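Asks: Give the three-dimensional model of this entry:
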Amino acid sequence: MDEGRFRELLTASFTWPTAYTFKFVVPTTQVQALHRLFADTKIETRTSRGGRYTSITARPVMQSPEAVIAIYHQAAKIEGLLAL
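Replies: Numbers count the residues shown, from 1 in each chain. Okay, here's the model as predicted:
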């Protein structure tokens with residue numbers, strides 16, 4: 001998605017600060033990398049039946065659309081990550 005358009009959607013859809021829901025799927029070996037991104041946030045995890053992948057849901061309070069985009073940029077560096 002176009003980052004500028006995403007920023008516009010975030011601005012129009014939420015009143016900031018807000019609790020924003022992030023959902024990712026990562027190889028189970030990369031779960032700790034996502035835990036570091038959301039250090040002060042409760043994270044829900046669910047491991048796939050075969051144990052190779054883990055889905056992660058985090059709902060931190062974000063201060064602005066830019067803060068949300070920054071998390072996505074950091075998460076994109078994690079090998080094998082899929083943002084939902």
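
Asks: And the spatially most central residue of the chain, how far from residue 49?
Replies: Centroid-nearest residue in the chain: residue 22, 3.6 Å away (criterion: CA atoms, centre = their mean). Here residue 22 is placed at a distance of 23 Å from residue 49 (CB to CB, to the nearest Å). Glycine gets a C-beta too; all of them are placed from N, C-alpha and C.

Asks: Residue 77 falls within a strand, correct?
Replies: No: counting by DSSP: H, G, I helix; E, B strand; the rest coil, one finds residue 77 to be coil, located in no strand.

Asks: and it, how many neighbours does it have?
Replies: Neighbourhood size, residue 77 [other CB atoms under 10 Å]: 9.

Asks: And for residue 3?
Replies: Other residues lying near residue 3 total 11 when counted by other CB under 10 Å.

Asks: Surely it and residue 69 touch.
Replies: Yes: Residue 3 is in contact with residue 69 according to CB atoms under 8 Å; the separation is 6.3 Å.

Asks: Beyond the lowest-mean-pLDDT helix or strand in the chain, next helix or strand please.
Replies: Across the helices and strands of the chain, mean pLDDT, DSSP states H and E gives its lowest value to helix 31-37, namely a mean of 92. Using DSSP states H and E, the next helix or strand after helix 31-37 towards the C-terminus is strand 43-47.

Asks: Alpha carbons of that next one, in PDB - could you do that?
Replies: Extracted C-alpha coordinates of strand 43-47, given in PDB (Å, rounded to 0.1, in the frame of the first residue of the first chain):
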ATOM      1  CA  ILE A  43       0.700  -9.700  22.900                       C
ATOM      2  CA  GLU A  44      -1.500 -12.600  21.900                       C
ATOM      3  CA  THR A  45       0.200 -15.400  20.100                       C
ATOM      4  CA  ARG A  46      -1.100 -18.500  18.400                       C
ATOM      5  CA  THR A  47       1.200 -21.100  17.000                       C
END
